[in-house]
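A.B. asks: Got a predicted model here, sequence first, then my questions.
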Amino acid sequence: MAIVSLRALGVGLLAPLLVGCQAGQAEMEPLAGVEVVGKADHCNREKPGLSLVRSMSDFPQVDGLMPAGEGALEAGHDVLVVYLGQRPTPGYGGELRQAEMVDGMLELSLRSTEPESGSMMAQVITTPCVALAIPDQGWSSLSVRMGAEGFPLSLEAPTDH
């Protein structure tokens, strides 16, 4: 019982600090609606890269990405496919950490995931990717940051945005 009250007290003491930190970042606004809609191990790209998908005819033929990506497109979003490049085993990928709009730039931060150290993995070369639903308008460029080789990457919005 005492642990619960100490946790509650700790949260209560930290709340003003958190509000103060957020107040200093007025030019950055968190972006709702950006989410991972698919992941795959074999995306057929040897080098890291980005691909903006605006219609099903543009969608890469990759198992694991299509159904959720189609739903995102139908809901009025674009889909950004983030290619991680060639990796030596399965288990590599990316997870969305943060999405913000800063002065017209869509900034996406991903956390790089790797196989657990010491785990038994097949020695099979993979080319993983992550598909993200993103706004279909309101940004002039985007940037993807991730702690992996080949990043950060950026992309300009298509002229018909």
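C.D. replies: That came through fine.
A.B. asks: quick one: the helices in this structure?
C.D. replies: 2-23, 66-74 (DSSP state H).
A.B. asks: worst average pLDDT in the ones you listed?
C.D. replies: Ranked by mean pLDDT, the helices of the chain end with helix 2-23 at the bottom, a mean of 39.
A.B. asks: Burial check on the nearest residue to Ala40 once chain neighbours are set aside, number of neighbours?
C.D. replies: In space, Ala40 comes closest to Gly64 once its chain neighbours are excluded; the distance is 3.8 Å by CB to CB, 6 or more residues apart in numbering. From N, CA and C alone the C-beta is placed, and that goes for glycine too. If you count neighbours by other CB atoms under 10 Å, Gly64 ends up with 15.
A.B. asks: Centre-most residue in the protein?
C.D. replies: Geometric centre of the chain, nearest residue: Leu96, 3.6 Å, by CA atoms, centre = their mean.
A.B. asks: For the chain, name the helix or strand with the lowest mean pLDDT.
C.D. replies: helix 2-23 (a mean of 39; mean pLDDT, DSSP states H and E).
A.B. asks: re earlier: list the contacts of the residue nearest to Ala40.
C.D. replies: Applying CB atoms under 8 Å, 6 or more residues apart in numbering to Gly64 gives the contacts 38-41.
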